[in-house]
Every structure is written in C-alpha cells, then in structure tokens.
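K.L.:
Sequence and predicted structure, then a few things I'm wondering about:
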Amino acid sequence: QEPDPALGNGGLGRLASCFLDSMATLNYPAWGYGLRYRYGLFKQIITKDGQEEVAENWLEMGNPWEIVRNDVSYPVKFYGKVVEGTDGRKHWIGGENIKAVAHDVPIPGYKTKTTNNLRLWSTTVPSQNFDLGAFNAGDHAKANEAHLNAEKICHVLYPGDESSEGKILRLKQQYTLCSASLQDIISRFESRAGDSLNWEDFPSKVAVQMNDTHPTLCIPELMRILMDIKGLSWNEAWSITERTVAYTNHTVLPEALEKWSLDIMQKLLPRHVEIIETIDEESEEAPDAEKEDPEYELDPFAKYDPQLPRVVRMANLCVVGGHSVNGVAEIHSEIVKQDVFNSFYEMWPTKFQNKTNGVTPRRWIRFCNPELSAIISKWIGSDDWILNTDKLAGLKKFADDEDLQSEWRTAKRNNKMKVVSLIRDKTGYVVSPDAMFDVQVKRIHEYKRQLLNILGIVYRYKKMKEMSAKDRIKSFVPRVCIFGGKAFATYVQAKRIVKFITDVAATVNYDPDIGDLLKVVFVPDYNVSVAEKLIPASELSQHISTAGMEASGTSNMKFAMNGCILIGTLDGANVEIREEVGEENFFLFGAHAPEIAGLRQERAEGKFVPDPRFEEVKEYVRSGVFGTSNYDELMGSLEGNEGYGRADYFLVGKDFPSYIECQEKVDEAYRDQKLWTRMSILNTAGSPKFSSDRTIHEYAKDIWDISPVIMP
C-alpha cells in the first residue's frame, strides 16, 4: 500500500537513492538534501489520446518514514535589494521571506548500525504573515497569499518553465534547496566546533557534492553566508568555497546545461548576481575560450551577442567554483573533457575525473529478485556478494552447468509470471510467459530512441503480415515488447512517441493472425515499484541512445545484474558493461560517438541515402494501419536535411538497418536456450563493477577525502 515517494525523476533521482544506500551501508558519515515535493513530477495515465498527467498523491495518507522537524527551520529570502552597511559589509534587505522546514527520512545501511539522514525541505511562512485584517474583511485569497506563494515552491518537481512565472518558481526551488541546506550544514559545523571555531577547518570537515547543475547556487550562497553573515573576506570565502564544493556532470544535452536569464536572477537574487559577477571578473585572467562557439565560452556569463539577453551558465559556474568535476562513465567523462568543457580542461586538467555510476545490489538484486538471490548465494557458497559484488564473478565457472541453467530459467519464468499479472492489471492485455520479454523502460526522450524501437517492431509486424502462418512461426521468436517511462508534460514530440506506441499496441495485440508471436505493451506510470517487477523478468533490454548522448544510464546495470542481456549502442555505461560481461554477451549495433557529428554534417549536405527498409516502414506507418492519428510530425522529424524538428537529428534512419539486423541475431540466439542462459549468467557474473558501493568508495577517496566511521 505504501506509494513510491515522488521525490525525483528518472535516473538522477534514483542514482541519489542508490548512493544514499551505499553511503549508509559502507558507514560513511553523509547526509542527503532535497525538496519534499507534495505532488511529485506527475502520475501518468494512458488514454486513447496518449499520455495524460495528474498530480501524484503519495502524501495523501501521510509518509510513515519521515519525522517532521519543526525545530529545524531556516529563513530563505527572495527579491529585495543590496545595501552596504557602516561596517563595510553588504546587506541584502527587504523582499519576500519564507521558511524552509526540515523533514527527516532515516536511511539505514545493510547489516550495519549506521543510519544516515535524508533531509527534505518544505516551505511555508510564519503565522504572522497571515493577513487577519484582509481575512475578516472578506478578502480570503489576499489573506492567505503569502502562505500559498511559499507553499507552491515545493508543490511540483520541474514545474513548466515556458512562462516567466514558471522560470521564477524553478529558480526559487533551486535557491531554497541550496540556502536551507547550506545554513543547516553551517549550523551543525558551528555547534560541533563550539568555542574553537575556525573557518579554515570547514573544507576538511564538509564536502558538498552538487548532483548536476540544479544546486549550482550553492557556490554564490556559500560565498554570501561566509562574507555577509560570518564576516570573512572575499579571498577567504572563495578559498573555502572552492575547496568545499564539487560538481557531477550528468548530461551533455545542451538544454540540460542550465542557463538562467540574468534579468530574472537579478530580480530574484540580487546579492548572488553581484557575487557571480565578481567570480566572473576574477576568472577573467583565464585564457578565453573559442569566441566563435558561444556554447563553450569560459565565463559564467554569455557576452557573445549584445543583442541577446545575458544569461548565467550554471555548468560553467560549477566548474569555476568547485575543486572537482566528474563525469559518470568513461566515454562521458572523455566527452566532458574534450568537448563540453575543453577550455576548462586545458586550464585545470587535474580538476576533471571519471566516476562511473553504480546501483545498489541490495535493492536491485537481493530485494527485487529474491529467487535469483537465493540461487546466486547457493552456487557461490554464501551471501557475501550482497556487500561485495566481486564475488558474483564466481558464477562464471558454472555458466555451462545444466543444474544452474535449469534453476536460472525457472527463476526467470517465475518472475515473468508476476509481470504477466502486472500487465493484465495495468493494461488489460494478456501476454504469454513463453515469449521473450523485450523491455525498454526509461524517460521518454528522442535521444533515448524509443522511436527506433517501435519502428523496429512495426517492421517486424509488417514482415509477419506478409508471411504465411507457418513461415511466421519459423522466422520469428515470440516477443512481448514492453515500454515504460514518462514524457515531460511540455515535451510534445516525446508525447507523440507515447501515443504512437499505444496505437501500435492497440492494432498488433488484437490481430488474430499474429496471436502471441508479437505483443506490444506500454506500462503506465513507470516507477521504482514497477521496475522491481519488470527488471527481474526481462530477457532482452534496450539501451539504444544515439551514441555520445547518454551520460551513463543506470537501468542498463540493473538489467545486467539480473541476468538480462542488453542490446545497445556504444554509449554511456554500455561501453563498460560490454567490456565486463564480454562482447559476445552483448548485442551491439549503431554508429559510434566520434562519427555522429560527421553523419549529421553529411545529412545537412544532402548526402545521406536512407535504407529502403526504413522508407518502407515509414510508408507503412503513414498508410493508416495503426488508426486515424496523424503521424506526419513524428515521421517528418526523420526526414529532410535541415530545420528545427527535422533532419533526423538522433540518427534513427542511419542506425535502423544495423538495428533490425542485430534484432535478427537476438532471435537466433534466443532459439538456443542453453546459449541464451549461459549469456544471462555471464551478464550477472560480469556486473560486479556496477555496484554503487564501488562508486561511493571512489568519491570518498578521490573527491570527498572521507573515511568510514563504524558505529560501536
């Protein structure tokens, strides 16, 4: 009955949860900070029109795990103005004041007494902000205005930011998280230091890891507190800040490397803009980046075109203001160094490093797949692998053992039976547990290429329809193709992809000629609870992003740990998974990252010649076989040589032939169940590296400089 906490979205939020589990289990003294979103991102409902969004109701029955800390709250200010006091210090006065209140969620470690804390902030205002005069005069809305303005900061994760109100709300969220968390960290530092307070000790006692660019305001906020409130000089505050803060980059997508309008920031956070401008000036002795490419300009400010509004580049501020910058997979960290932040890398090469992501084996094998866990422990001889995944490699020597293979297949089938029930309950579709379960579950985004997957399915369906029943059975392995994931409410193209998948499902699943040979399922409202059922049951998992665009991915690791075989491009952590499990146990296709820019250029010059099979599948979609919906916008995005939303930016057409040929190899391998089971066992045996325990040990040693503290 307990709902999933609606606190994060996709891989970034889930990674933070895995990291919290590992930090507690490994006895590292660490806290997590976040906002307590009342309505989450959204609950996804699938209708005949595709995806619809409604508010999450995870707090409707209360949250039994949280402890409300009304005794722990901090003031957070917006707007106002900056004045210089007689003491020479800057003072930020006036404006709108709210209060951030702590809600603590205990994070227990596995087989250890260590329990760390996740502190979530809700926002409100003191009761004196309730306008009793207005209320008694009948103006009830005005009376409660201050409360509503404060509370809405923590209503929704990633509120739409098309409007200026939406942008201001997002910036308020980011600043609230940074300000409340830093005030809390500093308060604990001061209370522990007592009379022997020395601010020079701060970086050796505190490490702040910024999970992507959303908490970038930690840098100017820490500077503000140290200078304006604690009385330190600029140089002292800068030295402390730079040694305290570190930045993890999670994306190379330009739209995700946040840029904030200077006008909005100036209005909302005037003191922080002053500090950022000074950081900008101080860093100007750094050699300039290539001027012709404004995306990679060094300064946190963009100055390249006086006609355009100035923006603050948050990622650049992170790099300048922190002592470490890390990517989250080897290929991604190289792209970060050679492309995204090349000018910075040339200036500070030692600042950049790689920390390949990981996932917790406690949740992602032991808890979600108890039957497989028991088999692993039996064959390895103990359950030590739960805390030391290196022991999983002990399965390799049994990969061909018929007894292990038989137990392995039984566990997989039992997990598939649970998913058969889940699919029936959530969608009404009835699927066969004897078919291959082929799964792609992740945020719906063009670069993740759910469109490539569904077009591959359409091609498969078309070929089946052209054959006799006898040839069909001979040519194709039965498959259940499962999709899941949310498209952002304002991301029109992603929502079109969801609609297209559900339309294909509605046609294919009721086709009597096809029967159980092919089923297509879109599982609504994909979340951790759904993942815990789907991942153990999966046999093939698709990680098919355009090469060079997925920073790491973590679901690929979860699938591999559970003995699922991956089909994918050489992107993100796929590269390392393939190295670890063996290239013969991974289905590889598609263009490589270094080729991508050249392929796009070739397209722009009109030199790309599409494969006839790709043209055939688009024509089939347009023929109306999947209903009356208009797919012109979707298919049009794969056509033409230039223009916004055109020219197949994500190279679906380029990789399509290689993809369908690779899928034929998948069918061939699946027919030999002994071979397939061997590959499955070797995926689990090859996954030790992808434990978040390994990742956290690396962060602790190379970035945070902390050691485990064992509870007596």
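P.N.:
Sure thing, it's come through.

K.L.:
Leu7: what secondary structure?
P.N.:
coil (DSSP: H, G, I helix; E, B strand; the rest coil).

K.L.:
Now do the same for it: its pLDDT.
P.N.:
For Leu7, the pLDDT comes out at 90.

K.L.:
and the residue nearest to Gly640 when sequence neighbours are not counted, helix, strand or coil?
P.N.:
The shortest distance from Gly640 to any non-neighbouring residue, by CB to CB, 6 or more residues apart in numbering, is to Arg646 (4.0 Å). For every residue, glycine as well, the C-beta is placed using N, CA and C. Here Arg646 is coil, with the state taken from three-state DSSP.

K.L.:
wait, doesn't Arg646 sit right on Ser637?
P.N.:
Yes. With contact defined as CB atoms under 8 Å, Arg646 reaches Ser637; the gap is 6.3 Å.

K.L.:
Give the residue from these two that has the larger number of neighbours.
P.N.:
Set Arg646 next to Ser637 and count neighbours by other CB atoms under 10 Å: Ser637 wins out with 22 against 14.

K.L.:
and the residue nearest to the more buried one when sequence neighbours are not counted, how many residues sit next to it?
P.N.:
Once flanking residues are discounted, Ser637 sits nearest to Gly645: 5.4 Å by CB to CB, 6+ apart. By the measure other CB under 10 Å, the count of residues near Gly645 is 12.

K.L.:
can you check Met561 too?
P.N.:
27.

K.L.:
Now do the same contact list for it.
P.N.:
Applying CB atoms under 8 Å, 6 or more residues apart in numbering, one finds that Met561 lies in contact with Val359, Pro361, Trp364, Ile365, Asn683, Thr684, Ser687, Phe690.

K.L.:
In three-state terms, how would Asp4 be classified?
P.N.:
coil.

K.L.:
And the nearest residue to it once chain neighbours are set aside, its phi and psi?
P.N.:
The shortest distance from Asp4 to any non-neighbouring residue, by CB to CB, 6+ apart, is to Asn527 (4.6 Å). As for Asn527, its main-chain torsions (degrees, to the nearest 10) stand at phi -150, psi -170.

K.L.:
before we move on, the earlier item: for the residue nearest to Gly640, what are its contacts?
P.N.:
Gly636, Ser637, Glu639, Gly640.

K.L.:
One more: Cys368?
P.N.:
Ala531, Glu532, Lys533, Ile535, Pro536, Asn562.

K.L.:
try Pro3
P.N.:
If a contact means CB under 8 Å, 6+ apart, then Pro3 has Glu56, Asn57, Trp58 as its contacts.

K.L.:
Who wins on neighbours among these?
P.N.:
Counting by other CB under 10 Å, top hit in the contacts of Pro3: Glu56 with 24 neighbours.

K.L.:
Return the closest of the contacts of Pro3 with respect to Leu455.
P.N.:
The closest of these to Leu455 turns out to be Glu56 (CB to CB; 31.7 Å).

K.L.:
pretty sure that closest one contacts Phe42?
P.N.:
Yes. Between Glu56 and Phe42 there is a contact at 6.5 Å, judged by CB under 8 Å.

K.L.:
returning to what we had before: including neighbour count, could the contacts of Met561 go into CSV?
P.N.:
Compiled in CSV, the contacts of Met561 are given as follows (neighbours: other CB atoms under 10 Å):
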residue, neighbour count
Val359, 29
Pro361, 31
Trp364, 30
Ile365, 27
Asn683, 25
Thr684, 27
Ser687, 28
Phe690, 27
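
K.L.:
can you tell me how far the closest residue to Asp49 other than its chain neighbours sits from Val492?
P.N.:
Ranked by CB to CB, 6+ apart and with sequence neighbours excluded, the top spatial neighbour of Asp49 is Lys499, at 6.9 Å. In this view, Lys499 and Val492 are 10 Å apart by CB to CB, to the nearest Å.

K.L.:
More neighbours: which of those two?
P.N.:
The residue with more neighbours, out of Lys499 and Val492, is Lys499; 22 against 11, by other CB under 10 Å.

K.L.:
For Thr47, see how far away the more buried one is.
P.N.:
Per CB to CB, Lys499 is found 10 Å from Thr47.

K.L.:
Sketch out the low-pLDDT regions of the stretch 101-250 of the chain for me.
P.N.:
For the stretch 101-250 of the chain, applying pLDDT under 70 flags no range at all.

K.L.:
Repeat that for the chain.
P.N.:
In the chain (pLDDT under 70), the answer is 285-307.

K.L.:
who's sitting farthest from the centroid in it?
P.N.:
Most distant residue from the mean C-alpha position of the chain: Ala137, 48.4 Å away (CA atoms, centre = their mean).

K.L.:
backbone phi and psi for Val105, please?
P.N.:
Residue torsions, per degrees, to the nearest 10, at Val105 are phi -120, psi 120.

K.L.:
measure it to Ser187 for me?
P.N.:
According to CB to CB, Val105 stands 19 Å off from Ser187.

K.L.:
Between those two, point out the one with more neighbours.
P.N.:
Between Val105 and Ser187, counted using other CB under 10 Å, the more crowded position is Val105 (19 against 12).

K.L.:
Please look at the more buried one and Arg69 and confirm they touch.
P.N.:
No. Judged on CB under 8 Å, Val105 makes no contact with Arg69 at a distance of 10.9 Å.

K.L.:
can you give me the strands for the stretch 151-300 of the chain?
P.N.:
Counting by DSSP state E, counting those that start in this stretch, one finds strands in the stretch 151-300 of the chain at the ranges 208-211, 245-248, 259-261.

K.L.:
ok so, going back, so what sits against both of Val105 and Arg69?
P.N.:
Joint contacts of Val105 and Arg69 (CB under 8 Å, 6+ apart) are Arg119.

K.L.:
Would you mark the buried spots in stretch 630-649?
P.N.:
Tyr631, Leu634, Met635, Ser637, Leu638, Ala647, Asp648, Tyr649 (16 or more other CB atoms under 10 Å).

K.L.:
in whichever helix in the chain runs longest, what counts as buried?
P.N.:
Assignment by DSSP state H gives helix 164-193 as the longest helix of the chain. For helix 164-193, a neighbour-count test (16+ other CB under 10 Å) marks 167-186 as buried.

K.L.:
now for that helix, which elements pack on it?
P.N.:
strand 31-35, strand 67-78, strand 96-108, strand 115-124, helix 202-205, helix 218-224, strand 259-261, helix 262-268 (3 or more CB pairs under 8 Å, 6 or more residues apart in numbering; DSSP states H and E).

K.L.:
hey, which of those is tucked in deepest?
P.N.:
helix 218-224 (a mean of 26; mean count of other CB atoms under 10 Å).

K.L.:
got a list of contacts for it?
P.N.:
The set of residues that contact helix 218-224 without belonging to it, under CB under 8 Å, 6+ apart, is 92, 175, 178-179, 181-182, 208, 210, 237-238, 240-241, 244-245, 269, 271-272, 275-276, 279, 317-318, 321-322.
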